[in-house]
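# with the input below, show me the fold.
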Amino acid sequence: MENSIKEKEFLNTNSLHKKALYLSVFTVSYNFVEGVISVLLGSLSGSVALVGFGLDSFIESLSGGVMIWRFTRGSKLPPEEEARIESKAAKLVAYTFFILSAYILFVSLKKLYLREHPEPSVFGLIIAVVSLIVMPLLFYLKYRIGKTIGSRSLVADSKQTLACMYLSLALLAGLGFNYLYGLWWADPAAGLVIVVLLIREGYETLKEERLCGC
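Take a look at the predicted model:
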């Protein structure tokens, strides 16, 4: 009876690992396609905001790439080895927070210094709206699975996905406030707020790993 329960638990954990891998592959694929389309259309339309959004998508793919590496190892490893890989993956995801925050900080300060106005773009609005629909769902699924299997790295990655949603919201706000009220600085100002949130998440992830003694 006890062996049967353990076998069911293993199969359930293995199934969740596979779902986490599929979600990570989808995240990277979505961000890559979103990045290519945003940079291409942004270049053609002369939209600096849309090009920047596309470059953000490429950087965000780093976290998903770490998760693909993490979950291709499967759940059949010895507990000690799996704990070591999980810890390494969590630290790598934390570093992607800092990479993304550094890029957003640079772009936001550059926009403020040069007083760059976000260009109206129908394509930009469509991409941002689609992202606002997809990213919350991805965040919820990855966060729930991460909590269930005790994967700190997947939970951290889910927050990276949430950051992507915030960036989509910032793009919409930047375009909208500039169009309605002439507030050209709304987009970079939102970017600076997101930088603070990203740095905090990266720091908290590393702090948690240190407390775990991993």
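
# for the rest of this, base every contact and every neighbour count on C-alpha atoms.
Will do.

# can you map out the helices along the protein?
Taking DSSP state H, the helices of the chain run over residues 2-45, 48-71, 79-114, 122-149, 152-181, 186-212.

# using a markdown table, lay out the ones you listed together with mean neighbour count and mean pLDDT.
A markdown table is the format used below for the helices of the chain (neighbours: other CA atoms under 10 Å; pLDDT from 0 to 100):
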| stretch | mean neighbour count | mean pLDDT |
| --- | --- | --- |
| helix 2-45 | 17 | 80 |
| helix 48-71 | 23 | 87 |
| helix 79-114 | 18 | 90 |
| helix 122-149 | 17 | 91 |
| helix 152-181 | 22 | 86 |
| helix 186-212 | 18 | 88 |
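
# I'd say Arg115 and Trp185 touch.
Yes. Counting by CA atoms under 8 Å, Arg115 does reach Trp185; the two are 7.4 Å apart.

# so which of the two has more stuff around it?
Using other CA atoms under 10 Å, the more surrounded residue of Arg115 and Trp185 is Trp185, with 19 against 12.

# tell me how far stretch 24-36 lies from the chain's centre.
Chain-centre distance of stretch 24-36: 10 Å, with CA atoms, centre = their mean, to the nearest Å.

# er, stretch 59-66 actually
With CA atoms, centre = their mean, you get 7 Å for stretch 59-66.

# which residues are contacting it?
Residues outside stretch 59-66 that contact it (CA atoms under 8 Å, 6 or more residues apart in numbering): 24-25, 27-28, 31-32, 89, 92-93, 96, 99-100, 157, 160-161, 164.

# CA atoms only for that stretch - export them in PDB, please.
In PDB, the C-alpha atoms belonging to stretch 59-66 read as follows (Å, rounded to 0.1, in the frame of the first residue of the first chain):
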ATOM      1  CA  ILE A  59      16.100  39.100 -22.500                       C
ATOM      2  CA  GLU A  60      13.100  37.600 -20.700                       C
ATOM      3  CA  SER A  61      13.700  34.400 -22.700                       C
ATOM      4  CA  LEU A  62      16.900  33.900 -20.600                       C
ATOM      5  CA  SER A  63      14.800  32.900 -17.600                       C
ATOM      6  CA  GLY A  64      12.700  30.500 -19.600                       C
ATOM      7  CA  GLY A  65      15.900  29.000 -21.100                       C
ATOM      8  CA  VAL A  66      17.200  28.300 -17.600                       C
END
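
# Gly35 contacts Phe53, correct?
Yes. Gly35 lies in contact with Phe53 (CA under 8 Å); the separation is 7.3 Å.
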